[in-house]
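> Got a predicted structure plus its sequence, pasted below:
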Amino acid sequence: MHIFFRVWRGLSKLSFLNIVLASLVIILTGTLVGYWVEPETFPSLFDSFWWTMTTLTTVGYGDFFPSSVAGRWLGIFLFLFGIGIIGALIGKLVEVGATFQRLKREGKLMYRGEGHYVYIGWSPKTKKAIDEVLGQGVTLMAVNDRLDYATVLDTPLEASDMLYVVCHDDTWERLNGRGGM
């Protein structure tokens, strides 16, 4: 069991590109070796690819299964290592999505859109102004040093409706090129 934790820890430290490459290598290896050692079971490369993908992402579909010892060893290899690599790939994809959402929420992504309103500071007047432009198909931005205050206020906005740009004392510097707008 200790070995699996060490392997998983090593996988989690790999870069996204390395995990994608490892996934492609395992998929190609499983497909080609399966086609080579089980020509009766996998009459086409697509059949071998199908079996490889279902073995990597689930416990198999049941329509194809290896009958030779070499094919079964391939299946064991795909069970043990392939599922870990594919799991790490899915984990990295989720991590990338979460990081993107966090950077967007923090205003650290460059915004190149047009037709948006920028609200500097947060107060009941800001909320009233936002309520007036809701539903007009515009992007809303709030520049504020207290993002938690803006999100706690009773507002009908969803997190995806507004791009918050968090600023401190350097408000104008950030608005003029470094603040993600």
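Thanks, I have the structure now.
> How about the contacts made by G71?
34, 37-38, 41 (CB atoms under 8 Å, 6 or more residues apart in numbering). Using the backbone N, CA and C atoms, a C-beta is placed for each residue, glycine as well.
> ok, now with 6 Å
The neighbours of G71, taking CB atoms under 6 Å, 6 or more residues apart in numbering as the test, are 37-38.
> Look at it and tell me its secondary structure.
What DSSP: H, G, I helix; E, B strand; the rest coil gives for G71 is helix.
> Relative to I90, how far out is it?
G71 sits 26 Å away from I90, going by CB to CB, to the nearest Å.
> If I look at I19, what pLDDT would I see?
Note on I19: pLDDT of 88.
> just checking, it is part of a helix?
Yes - I19: assigned to a helix according to three-state DSSP.
> ok, it to K104 distance?
For I19, the distance to K104 - CB to CB - is 23 Å.
> now T55, nearest residue through space, not along the chain?
Nearest residue to T55 in three dimensions, chain neighbours excluded: L78, at 4.7 Å (CB to CB, 6 or more residues apart in numbering).
> can you count the residues close to that neighbour?
A total of 25 residues lie near L78 under the criterion other CB atoms under 10 Å.
> swap in L89?
By the criterion of other CB under 10 Å, L89 has 19 neighbours.
> Just to check, it is in contact with S23?
Yes - the pair L89 / S23 is scored as a contact, 5.0 Å apart, by CB atoms under 6 Å.
> ok, which stretches of this structure are helices?
Remark: helices assigned in the chain by DSSP state H are 2-12, 16-37, 45-57, 69-77, 83-105, 124-133, 147-152, 171-173.
> so which of these comes closest to E114?
Judged by CB to CB, the one of those that comes nearest to E114 is helix 124-133, at 14.9 Å.
> same for the closest one, what does it pack against?
Taking 3 or more CB pairs under 6 Å, 6 or more residues apart in numbering; DSSP states H and E as contact, there are no helices or strands that helix 124-133 lies on.
> With only the CA atoms kept, save that helix in CSV.
Extracted in CSV, the C-alpha atoms of helix 124-133 (Å, rounded to 0.1, in the frame of the first residue of the first chain):
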residue,chain,number,x,y,z
PRO,A,124,-25.2,50.3,-1.2
LYS,A,125,-25.0,52.9,-4.1
THR,A,126,-22.8,50.5,-6.0
LYS,A,127,-25.3,47.7,-5.5
LYS,A,128,-28.1,50.0,-6.7
ALA,A,129,-26.1,51.0,-9.8
ILE,A,130,-25.5,47.3,-10.6
ASP,A,131,-29.1,46.4,-10.1
GLU,A,132,-30.0,49.1,-12.8
VAL,A,133,-27.7,47.5,-15.5
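> If you count neighbours, what's buried in that helix?
Across helix 124-133, burial judged by 16 or more other CB atoms under 10 Å covers 126-127, 130.
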